[in-house]
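**Q** Show me how the following folds:
(one chain, ligands or ions: 1)
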Amino acid sequence: MKPIHYSIVPKNPAAHIFEVTLTVAEPDPAGQVFSLPVWIPGSYMVREFARNIVTLSAHGETARRVAIDKTDKQTWRAAPCKGALTLVYEVYAWDLSVRTAHLDDNVGFFNGTSVFLSVAGQEAAPCQVELRKPEGAVYKDWRVATALTEARGTRRYAFGQYRAANYDELIDHPVTLGHFALGQFRAHGASHDVVISGRVPKLDMERLTRDLKPICEAQIALFEPKSKRAPFERYVFMTMAVTDGYGGLEHRASTALICNRADLPVLGQATASEGYRTYLGLCSHEYFHTWNVKRIKPASFAPYDLTRENYSELLWLFEGFTSYYDDLILVRSGLIDTPEYFRLLGKTVGGVSRGAGRFKQSVAQSSFDAWIKYYRQDENAPNAIVSYYTKGSLVALAFDLTIRAQTRNRKSLDDVMRLLWQRYGRDFYQGKGRGIREDEVEALLAEATGADLGKLFAQAVHGTRDLPLADLLAPFGVTISPDAGGSTPGLGARIRGGAECTLASVHDHSAAQKAGLSAGDVLIALDGLRVTGSNLDSLLSRYRAGDRVEIHAFHRDELRSFTVKLDPADVTRYVLSRDDARGSAKKWGDAWLQG
Ligand SMILES: [Zn+2]
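**A** Down below sits the predicted model:
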């Protein structure tokens, strides 16, 4: 198949417009069909990227116009034509997120899913991509960061020709253009780039690369303990630093991240801020996906159908297990200590135990409905859904501890990850690329470990009861107990920050719900004292659980009065400790936490 040619240029950064030219050497004689994905792998929501295509025209070999019509929201069909067919279209890029595309006069970023139309019937054809520098002296020093392969003649970080083996690969390598800070390191021989765009004064890049290296090496060694071979030749961490933002998206040889610039390390500061640890956890998370979801995949993602939702009951494995390992790798590689790891784990347990939705939805159901529930949360989400990330990470913990206890620490969840890797992941892009089916997972867990996990599987994956974490942690000498963090009673509602005290959500069976308060209500006064967005806790601290208070609130635009019988303090976190661990419990715990 002849290659498809794409050319993209930041045509008008001030107007946030990329121009893309796409040439098909051998278009379908019956009329070539083109389409843009409606979702981006890794973010399970239909986003209809075609809404940002502003203009589009088709041309034949002699630059003669060829008629082209839309046939649905994401699809175009050109009239039959002889010879090569070229499309020219403009894409509006003004979304500062890792999922779409962004362009201004300082930096450009795009995912292929936002800018590159697929050519129906030629998805397997090789792709050649020309990244063109915008015109004008201000863009003179712009550079390119991407894990796309440079074509011969193009220097690394330069504008020019790049290539991908097929459309699937083309859209799995996001591209950053513009000014950025660049760091480099090697992990078990594989080269890694760290790209930070957005202005970050006194960025300590050396520290960042020094801290990322052990995270990467621990993960490479987890999956390939003997060869220590990374599944790529080169990996790119690309981060957009902003005032306020957080998130990441995984790709096969790179990740796009967004974070607060305050979270990045500052030259001359030796201590790690909470924000920096969170950022390292995010890097660890997305990097783990290089194996778990970019190569080991659910069957329904192999291949992806980019025209509609792709349902999988397994996101608890792909996101939950990844969430379990992201922080565990930090403690195993020495970036955080055990008390810090336990603090993070205790926060996760507290977070999961706050929502009554966990009694209504299993992690398998949460995975399947991610498209309409987890990714589209409303005020009722805490009462209706459970997170396949946070509860999924506790499911991973439960499996890990059970396997270790049953096998007297000879096997662990690491063995499960390795078998998944060997059977489904290692040759994914070389071979036929089969994903794992829902009904194959339980048998694989047993095969990898020899442990009897049937009951736990039913309870943890398909059930809605709380996991018996205290029992599971005991053989490792670890205790766990709830901590309300004080005696201040509560309403059982979440407050949205700001000048006003607005209820973001009201929990099932809570004091607020029983009193008739609803999400969206604006609290005005408590027993006659003014309530603001920041003083509710301090007002409540003078009362005890069971006390009755009068709350005045706007319910829509109606001022109403509510009598609220206060709830006990919310359990926001759990406290874990292994201070008294001795003997085999100590040994097993060390093996779990040290890898
Ligand atoms: Zn993830």
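**Q** Counting neighbours, what do you get for Ser7?
**A** Per other C-beta atoms under 10 Å, the neighbour tally for Ser7 reads 17. Every C-beta, even on glycine, is put in place using the N, C-alpha and C of the backbone.
**Q** ah, wrong one, I meant Arg156
**A** Arg156 has 11 nearby residues by other C-beta under 10 Å.
**Q** Skipping adjacent residues, who's closest to it in space?
**A** Of all residues not flanking Arg156 in the chain, Glu150 sits nearest, at 6.1 Å (C-beta to C-beta, 6 or more residues apart in numbering).
**Q** Double-check the one you found against Tyr162; I have them as touching.
**A** Yes: counting by C-beta atoms under 8 Å, Glu150 does reach Tyr162; the two are 5.8 Å apart.
**Q** any idea where the helices of the stretch 401-550 of the chain begin and end?
**A** Assigned by DSSP state H, counting those that start in this stretch, the helices in the stretch 401-550 of the chain fall at 413-420, 441-449, 454-462, 469-473, 511-515, 536-540.
**Q** what's the angle from the first one to helix 441-449?
**A** To tie it back to what came earlier, the one meant is helix 413-420. Orientation check (axes from the mean of the first three to the mean of the last three C-alpha atoms, to 10 degrees): helix 413-420 against helix 441-449 gives 110 degrees.
**Q** Need the mean per-residue confidence for helix 413-420.
**A** The average pLDDT for helix 413-420 rounds to 98.
**Q** hang on, the earlier thing: what separation do you get for the residue nearest to Arg156 and Leu131?
**A** In this view, Glu150 and Leu131 are 10 Å apart by C-beta to C-beta, to the nearest Å.
**Q** ok, Phe109 - contacts?
**A** Ala101, His102, Leu103, Pro174, Val175, Thr176, Leu177, Ser197, Met238, Met240, Ala256 (C-beta atoms under 8 Å, 6 or more residues apart in numbering).
**Q** element containing it?
**A** strand 107-110 (DSSP states H and E).
**Q** Given that strand, what are its sheet partners and their directions?
**A** Looking at strand 107-110 with DSSP bridges, its partner strands are strand 101-103 (antiparallel), strand 175-178 (antiparallel).
**Q** which other residues reach the first one?
**A** Spelled out, it's strand 101-103. Against strand 101-103 from outside (C-beta under 8 Å, 6+ apart): 10, 13, 16-18, 52, 91, 93-96, 108-111, 114-115, 240.
**Q** Compute the number of surrounding residues for the residue nearest to Arg156.
**A** Glu150 has 17 nearby residues by other C-beta under 10 Å.
**Q** Next: Gly546.
**A** 11.
**Q** Check Glu558 too.
**A** So Glu558, with other C-beta under 10 Å, has 7 neighbours.
**Q** does it have beta-bridge partners, and which?
**A** Residues in beta-bridge contact with Glu558 (DSSP bridges): His555.
**Q** rewinding a little: selection in PyMOL covering whichever of the contacts of strand 101-103 are buried, please.
**A** Restricted to buried positions by 16 or more other C-beta atoms under 10 Å, the PyMOL selection for those reads:
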select buried, resi 10+13+16+17+18+52+91+93+95+96+108+109+110+111+114+115+240
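**Q** now, which of the contacts of strand 101-103 lie within helices?
**A** When these are checked against helices (DSSP state H), the matches are Ser114, Val115.
**Q** Report the rounded mean pLDDT for stretch 23-39.
**A** According to the model, stretch 23-39 has a mean pLDDT of 98.
**Q** Ignore what I typed, I meant stretch 142-150.
**A** Across stretch 142-150, pLDDT averages out at 98.
**Q** Check stretch 179-189 too.
**A** 97.
**Q** Repeat that for stretch 556-567.
**A** 98.
**Q** Okay, buried residues for it please.
**A** Phe562, Val564, Leu566, Asp567.
**Q** How about residues contacting that stretch?
**A** When contacts are defined by C-beta under 8 Å, 6+ apart, stretch 556-567 is touched by residues 489-492, 510-512, 514-517, 520, 524, 540, 543-554.
**Q** Apply 6 Å and report the result again.
**A** 489-490, 492, 510-511, 515-517, 543, 545, 547-552 (C-beta atoms under 6 Å, 6 or more residues apart in numbering).
**Q** Show me the protein divided up by domain.
**A** Domain segmentation of the chain under automatic domain parsing yields 4-178, 180-273, 299-476, 493-565.
**Q** can you redo those domains as a markdown table with distance to Phe288?
**A** Converted to a markdown table, these look like this (distance: least, C-beta to C-beta, whole Å):
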| stretch | distance to Phe288 |
| --- | --- |
| domain 4-178 | 13 |
| domain 180-273 | 6 |
| domain 299-476 | 5 |
| domain 493-565 | 30 |
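**Q** For Gly485, which of those is the nearest?
**A** Of all the domains of the chain, domain 299-476 sits nearest to Gly485, with 9.3 Å by C-beta to C-beta.
**Q** So what's the gap between the helix ranked longest in the chain and the chain middle?
**A** In the chain, with assignment by DSSP H, the single longest helix is helix 205-223. In terms of C-alpha atoms, centre = their mean, to the nearest Å, the centre of helix 205-223 is set 19 Å apart from its chain centre.
**Q** what does stretch 249-269 give?
**A** 13 Å.
**Q** quick one: contacts for Pro298?
**A** Contacts for Pro298 (C-beta under 6 Å, 6+ apart) come out as Ser312, Leu314, Gly435.
**Q** Using ChimeraX, make a named selection holding only the buried ones among the residues you listed.
**A** Typed into ChimeraX, the line below selects the buried ones among these, using 16+ other C-beta under 10 Å:
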select :312,314,435
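**Q** Phe359: which of the contacts of Pro298 is nearest?
**A** Leu314 (21.7 Å).
**Q** how near is that closest one to Ala218?
**A** Using C-beta to C-beta, Leu314 is found at 24 Å from Ala218.
**Q** do the same with Phe457
**A** Phe457 is 27 Å from Ala218, by C-beta to C-beta.
**Q** can you check Asn383 too?
**A** For Asn383 relative to Ala218 (C-beta to C-beta), the value is 38 Å.
**Q** Equivalent analysis for Tyr429, please.
**A** Per C-beta to C-beta, Tyr429 is found 23 Å from Ala218.
**Q** Can you list the neighbours in contact with stretch 340-348?
**A** Asp327, Val331, Thr390, Arg573, Tyr574, Val575, Leu576.
**Q** Please name the residues that touch the fifth one.
**A** The contact partners of Tyr574, taken as C-beta under 6 Å, 6+ apart, are Gly346, Val349, Gly350, Ile480, Pro482.
**Q** Specify the beta-bridge partners of it.
**A** Pro482.
**Q** One more: Phe34?
**A** Beta bridges link Phe34 to Trp76, Val119, judged by DSSP bridges.
**Q** I'd say it and Trp76 touch.
**A** Yes: using C-beta atoms under 6 Å, Phe34 is in contact with Trp76, at 4.8 Å.
**Q** thinking again about what came up before, from the contacts of stretch 556-567, pick the one nearest Thr338.
**A** Gly490 (30.7 Å).
**Q** tally of neighbours for Leu182?
**A** With other C-beta under 10 Å as criterion, Leu182 counts 13.
**Q** List the residues that contact it.
**A** By C-beta under 6 Å, 6+ apart, the contact set of Leu182 is Val195.
**Q** Can you name the residues bridging to it?
**A** Val195.
**Q** rewinding a little: farthest pair in the contacts of stretch 556-567?
**A** With C-beta to C-beta as the measure, no two of the contacts of stretch 556-567 lie farther apart than Ala545 and His552, at 21.5 Å.
**Q** just to revisit the earlier point, between Phe457 and Ala218, tell me which one has more neighbours.
**A** Ala218 (22 against 19).
**Q** I'd like to know how far the more buried one sits from Gln594.
**A** 11 Å.
**Q** What of Asn535?
**A** 45 Å.
**Q** Mind jotting down where the strands sit in the stretch 251-400 of the chain?
**A** 254-260 (DSSP state E, counting those that start in this stretch).
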